[in-house]
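> mind folding the following:
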Amino acid sequence: MQGMLKTSLRRQQAAITIGLLVGTILACWFINNTFLESYYESEKADVVTEAYRRLNAAARSGSLGSDDFVQEMGRFAFASNINIEVIDANSITVYVAAVNNKEELSRRLLRYIVGYSVNSTFGEEFSGGVPAPNTVFKYVDRRTMTEYIEMYGPLDNADWFIVSTTMESIQESVRIANRFLAYIGVAAAVVGGILMWILSRRVTDPVLELAKISERMTHLDFEAKYQGKEKNEIGLLGSNINQLSESLERTISELKTANIELQKDIEKKEQIDEMRKEFLANVSHELKTPIALIQGYAEGLREGVSDDAESRDFYCEVIMDEAGKMNTMVQKLLTLNQLEFGNDMVSMERFDIVALIRNYLQSAEILTRQNGITVQMEQTEPVYVWGDEFKTEEVFMNYFTNAVHYCQGEKVVRIHVGQEENRVKISVFNTGEAIPEESLDHLWDKFYKVDKARTREYGGSGVGLSIVKAIMQSMNQEYGVQNCPDGVVFWFTLETA
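Next comes the predicted model:
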């Protein structure tokens, strides 16, 4: 395909973009180096002046030492990264808000008051003297080579003050520099955008044609083809679009999987705490009975309640049976826990649901024959759906085993696969007694059992339908149960599109 690129659109666009980018960067660099220092010092001077204004206003009103003023001025000093000290005529501190090095600040104020000479500059040179009070100036500490913007002088109530802010504050420097560059950057972006719009019109027509084709593809119209003959990147793009439909199935699969995982992540945080509490409470309740049985029969064996071998075998069988039930329940709880907490990844793929069901029925033939049950299923043609094949089989297995265990009367289990628009509805019907209406909504709750004695008789744990619920929610599909005149039907849906 690289042979098609006789006139490289990449070089054309790169030249325009790089030219504008270099020009913008050079302009920003020039403006930054020319004006940023003055702008930065001006910002610092405004902060110092504002601090003096607030101090003087508080001095005039007599609120210089009030709690409200101390809190408000403290917040302002912290946010602006300035140091403040106010002393009275006896050199006693009236107010201080020093971020660091308070002692040095106090010494410098006293030096200014007594007229000790310092080397300070701001706008004009002060050599061998003290800057005038109540004016903003720049002070350079010759020992540390640190620059400060400062103001000192008397307040209206005759107290003396000093306000100082360092020029080395990284946080303040970044904030001011970014704000300044933002002004220039916006202007440069607007000008560059206008120029780019004007210069790029020569390539917009074929791009618009590709846009129309892509719009048709969003409606799954993959018959649209790009007919342009350009020998550049646009021609290459058109050729790639024409081949896009070949990888559609893989792309849809990945998007569906990612979408489901995203939805699970959104709901996961809200459900974790409640699920953990409910899980612990239910497990404790369900394990109480088998543990008590195991403990009781084990104690009976130890105390020699029955000496004959037949009774000891019976005791051991009870213990083994209860332990097996506990193991099955724990395994199901672990599966359910992984599903509900989103630790079990859903892998969306396209498969034949009819083949999946028939393969399972073949493996379950011994179970149905032992229970004298007739299984009916008319569908033979393949029906392709989207879903996690392994988890879908687990959903069907739970439905089918429940149908077998609760099948009565004619003892018929009927499986039906019906297509409804863009989805398939799989239903499992069994003859027998109807489920009480008040229990229908609770069937999907963990450890809920309509007939506890019968559920325990065949080793049910009460979490099978909870696993069905978690799996169907992880695939964002529907599920349900419905009473019929001669039995009960459980169903779930899968997408075909």
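
> average pLDDT for stretch 348-363?
Here stretch 348-363 scores 92 as its mean pLDDT.

> can you list contacts of it?
For stretch 348-363, contacts defined as CB atoms under 8 Å, 6 or more residues apart in numbering pick out 249, 253, 256-257, 260, 375, 377, 379-389, 392-393, 396-397, 400, 415, 417, 424, 426, 475, 494. The C-beta positions use only the backbone N, C-alpha and C, and glycine is treated the same way.

> how about it: buried residues?
The neighbour-count check on stretch 348-363 (16 or more other CB atoms under 10 Å) flags M348, F351, I353, V354, L356, I357, L361 as buried.

> tell me the phi and psi of the closest residue to A58 other than its chain neighbours?
Among residues not flanking A58 along the chain, L64 sits closest, at 4.5 Å (CB to CB, 6 or more residues apart in numbering). Main-chain dihedrals, L64, degrees, to the nearest 10: phi -60, psi -30.

> inside helices: which ones of the buried residues of stretch 348-363?
Members of the buried residues of stretch 348-363 lying in helices (criterion: DSSP state H): I353, V354, L356, I357, L361.

> reformat the residues you listed as CSV; add distance to D486.
What follows is these, written out as CSV (distance: CB to CB, whole Å):
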residue, distance to D486
I353, 26
V354, 25
L356, 27
I357, 22
L361, 21
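
> write the PyMOL selection for whichever of the contacts of stretch 348-363 are buried.
Listed next is the PyMOL selection for buried residues among the contacts of stretch 348-363, using 16+ other CB under 10 Å:
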select buried, resi 256+257+260+375+383+385+386+387+388+389+392+393+396+397+400+415+417+424+426+475+494
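
> narrow the contacts of stretch 348-363 to those in helices?
If you go by DSSP H, the contacts of stretch 348-363 have E249, S253, K256, T257, I260, E389, T392, E393, F396, M397, F400 in helices.

> can you tell me what sits against stretch 243-256?
Contacts of stretch 243-256 (CB under 8 Å, 6+ apart): M217, F222, M348, E349, R350, W386.

> of these, which pair is most distant in space?
Using CB to CB, the contacts of stretch 243-256 span at most 22.5 Å, a distance reached by M217 and E349.

> so which residues of this protein form helices?
9-61, 67-80, 102-114, 170-199, 204-218, 233-242, 248-303, 309-340, 353-363, 365-370, 389-405, 437-440, 452-457, 464-474.

> which parts of the second one are buried?
Buried residues in helix 67-80, defined by neighbour count with 16+ other CB under 10 Å: F69, V70, M73, F76, A77, S80.

> can you redo those residues as a markdown table with pLDDT?
Listed next are the buried residues of helix 67-80 as a markdown table, based on pLDDT from 0 to 100:
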| residue | pLDDT |
| --- | --- |
| F69 | 90 |
| V70 | 88 |
| M73 | 89 |
| F76 | 90 |
| A77 | 87 |
| S80 | 83 |
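
> how about these in a markdown table, adding distance to A27?
Output for the buried residues of helix 67-80, formatted as a markdown table (distance: CB to CB, whole Å):
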| residue | distance to A27 |
| --- | --- |
| F69 | 45 |
| V70 | 46 |
| M73 | 40 |
| F76 | 35 |
| A77 | 37 |
| S80 | 30 |
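
> ok, back up a step: which one of the ones in helices among the buried residues of stretch 348-363 is nearest Y40?
Taking those together and measuring to Y40 by CB to CB, the closest member is I353, at 69.4 Å.

> any idea how far the closest one is from L26?
Distance of I353 to L26, computed by CB to CB, to the nearest Å: 64 Å.

> do the same with E261
In terms of CB to CB, E261 sits 46 Å off from L26.

> neighbour count: the two, which is higher?
Neighbours per residue (other CB atoms under 10 Å) separate E261 from L26, with E261 holding more: 16 against 10.

> right, and that one touches V346 too?
Yes. Between E261 and V346 there is a contact at 6.9 Å, judged by CB atoms under 8 Å.

> what's the overlap in contacts for those two?
Both E261 and V346 lack any common contact, where contact means CB under 8 Å, 6+ apart.

> could you list the buried residues of stretch 404-415?
V404, H405, Y406, C407, V412, V413, R414, I415.

> would you format the ones in helices among the contacts of stretch 348-363 as JSON lines with distance to I266 included?
Shown next, in JSON lines, are the ones in helices among the contacts of stretch 348-363 (distance: CB to CB, whole Å):
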{"residue": "E249", "distance to I266": "27"}
{"residue": "S253", "distance to I266": "21"}
{"residue": "K256", "distance to I266": "16"}
{"residue": "T257", "distance to I266": "15"}
{"residue": "I260", "distance to I266": "11"}
{"residue": "E389", "distance to I266": "25"}
{"residue": "T392", "distance to I266": "23"}
{"residue": "E393", "distance to I266": "27"}
{"residue": "F396", "distance to I266": "28"}
{"residue": "M397", "distance to I266": "29"}
{"residue": "F400", "distance to I266": "33"}
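
> now do the same contact list for E50.
Counting by CB under 8 Å, 6+ apart, E50 makes contact with F76.

> roughly how far apart are it and G74?
15 Å.

> got the phi/psi numbers for the residue nearest to T257 when sequence neighbours are not counted?
Counting by CB to CB, 6+ apart, T257 lies nearest to M348, which is 4.4 Å off, once chain neighbours are set aside. Note on M348: backbone dihedrals following degrees, to the nearest 10 are phi -80, psi 130.

> any figure for the gap between M348 and M397?
For M348, the distance to M397 - CB to CB - is 20 Å.

> next: H219.
In terms of CB to CB, H219 sits 38 Å off from M397.

> ok, D308 next?
41 Å.

> E41 too?
With distances taken as CB to CB, E41 is found 77 Å from M397.

> over to V424?
Taken as CB to CB, the span from V424 to M397 is 18 Å.

> with R108 instead?
Taken as CB to CB, the span from R108 to M397 is 83 Å.

> related to what we said a few turns ago, weakest of the helices of the chain in terms of mean pLDDT?
What stands lowest among those, in mean pLDDT terms, is helix 452-457, with a mean of 47.

> neighbours around N422, how many?
8.

> hang on, it packs against T496?
Yes. Using CB under 8 Å, N422 makes contact with T496 at a distance of 5.7 Å.

> shared neighbours, those two?
When contacts are counted by CB under 8 Å, 6+ apart, N422 and T496 have no shared neighbour.

> tell me how many other residues crowd E437.
With other CB under 10 Å as criterion, E437 counts 8.

> mind checking how far the nearest residue to it once chain neighbours are set aside is from V375?
In this structure, E437 finds its nearest non-sequential neighbour in N483, 7.7 Å apart by CB to CB, 6+ apart. In this view, N483 and V375 are 21 Å apart by CB to CB.

> ditto for V417
14 Å.

> then G464?
G464 is 19 Å from V375, by CB to CB.

> cool, I241 as well?
To V375, I241 is 49 Å away according to CB to CB.

> swap in L494?
L494 is 21 Å from V375, by CB to CB.

> ok, now R108?
96 Å.
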